[in-house]
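Colleague: sequence first, then the predicted structure, then my questions.
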Amino acid sequence: MNEQHSAVIPDVQNLVDSRQLAINKVGIKSIRHPVKVRDKSGGVQHTVAMFSMYVGLPHNFKGTHMSRFIEILNGDEREISVESFEPMLREMVRRLEAETGHIEMTFPYFINKSAPVSGVQSLMDYEVTFTGEIQEGGEYAFNMKVVVPVTSLCPCSKKISAYGAHNQRSHVTVTAQPNAHLWLEELVELVEGQASCELYGLLKRPDEKYVTERAYDNPKFVEDMVRDVAGLLNAEPRIDWFQVESENFESIHNHSAYALIERDKRL
């Protein structure tokens with residue numbers, strides 16, 4: 001056999017490092033990969049997620065095996081859900097021989113909505129992020145985040161104007177740590193119900209009249225938005241911790257209005 005082919009290929013990552021500095025997170029960032037996501041209707045959405053995958057590296061190891069992160073993503077055709085996230089994370093920690101691990105995936109999620117008057121159907125997309133961690137001692141933590149675009153109408157503008165009121169599109173971002181199964185659709189509906197008006201992908205003229213008047217009859221400051229959403233999240237027993245943010249992209253200013261509420265219900 002050729003001596004060059006018979007030689008053992010060195011594994012540099014497994015060499016000992018002498019700098020006595022552990023690394024909190026090392027891995028791959030911003031890799032796109034197709035996934036399947038279960039939805040509330042019982043179907044499966046085929047989408048593309050942006051993954052970041054890290055493990056903790058002890059001070060005595062020189063490096064981690066970057067290729068194994070890719071192998072985990074490519075190992076099978078994954079169907080991602082809140083329930084499947086923990087097994088994927090524990091597989092990563094085991095394969096990388098690590099004590100701690102972190103996976104974050106962001107993907108577009110689509111919900112079929114019916115217009116309020118005509119009933120015409122269209123898809124609305126929402127940006128969703130699942131984040132899971134295996135902490136020291138093996139404890140698992142999971143957060144789900146969804147960005148919900150809505151309409152907000154300014155109460156002050158309505159009060160002081162002879163006619164009309166300025167409104168804008170707002171992004172309400174809810175990050176929640178559930179203790180039981182919680183559908184993304186449930187979080188979206190919770191947020192949209194507290195807005196001046198929800199958004200739709202397609203509207204006919206009677207629908208446009210409805211959403212315009214609905215927003216005018218339901219004015220909300222950015223402070224109102226986060227308080228109203230937080231009140232419902234606080235009453236939801238399946239959520240242990242939450243953070244709700246609202247950013248109003250002002251139509252009469254070149255800046256946004258912003259508010260945030262965070263609460264750990266276990267304290």
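Modeller: Nice, I can see it.
Colleague: which parts of stretch 150-159 are buried?
Modeller: Within stretch 150-159, the residues that qualify as buried are 150, 151, 152, 153, 154, 158, counting by 16 or more other C-beta atoms under 10 Å. No exception for glycine: its C-beta is placed from N, CA and C like everyone else's.
Colleague: from those, which land in strands?
Modeller: Cross-referencing the buried residues of stretch 150-159 against strands under DSSP state E gives 150, 151, 152, 153.
Colleague: my read: the last one touches residue 219, true?
Modeller: It refers to residue 153. Yes. Using C-beta atoms under 8 Å, residue 153 is in contact with residue 219, at 4.6 Å.
Colleague: list the residues that contact both of those two?
Modeller: 165, 196 (C-beta atoms under 8 Å, 6 or more residues apart in numbering).
Colleague: strands along the stretch 101-250 of the chain, start to end?
Modeller: Secondary structure of the stretch 101-250 of the chain (DSSP state E, counting those that start in this stretch): strands located at 101-114, 121-134, 140-153, 167-178, 197-198, 239-249.
Colleague: can I get those strands in TSV with mean pLDDT and distance to residue 81?
Modeller: As requested, the strands of the stretch 101-250 of the chain are exported to TSV (pLDDT from 0 to 100; distance: least, C-beta to C-beta, whole Å):
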stretch	mean pLDDT	distance to residue 81
strand 101-114	95	12
strand 121-134	96	9
strand 140-153	96	11
strand 167-178	96	12
strand 197-198	97	25
strand 239-249	97	17
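Colleague: neighbours of residue 129, how many?
Modeller: Using other C-beta atoms under 10 Å, residue 129 has 17 other residues around it.
Colleague: thinking again about what came up before, what would the strands of the stretch 101-250 of the chain look like in CSV with distance to residue 31?
Modeller: CSV is the format used below for the strands of the stretch 101-250 of the chain (distance: least, C-beta to C-beta, whole Å):
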stretch, distance to residue 31
strand 101-114, 10
strand 121-134, 15
strand 140-153, 19
strand 167-178, 22
strand 197-198, 33
strand 239-249, 26
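Colleague: for residue 100, what are its contacts?
Modeller: For residue 100, the contact set (C-beta under 8 Å, 6+ apart) comprises 55, 56, 93, 133, 134, 135, 136.
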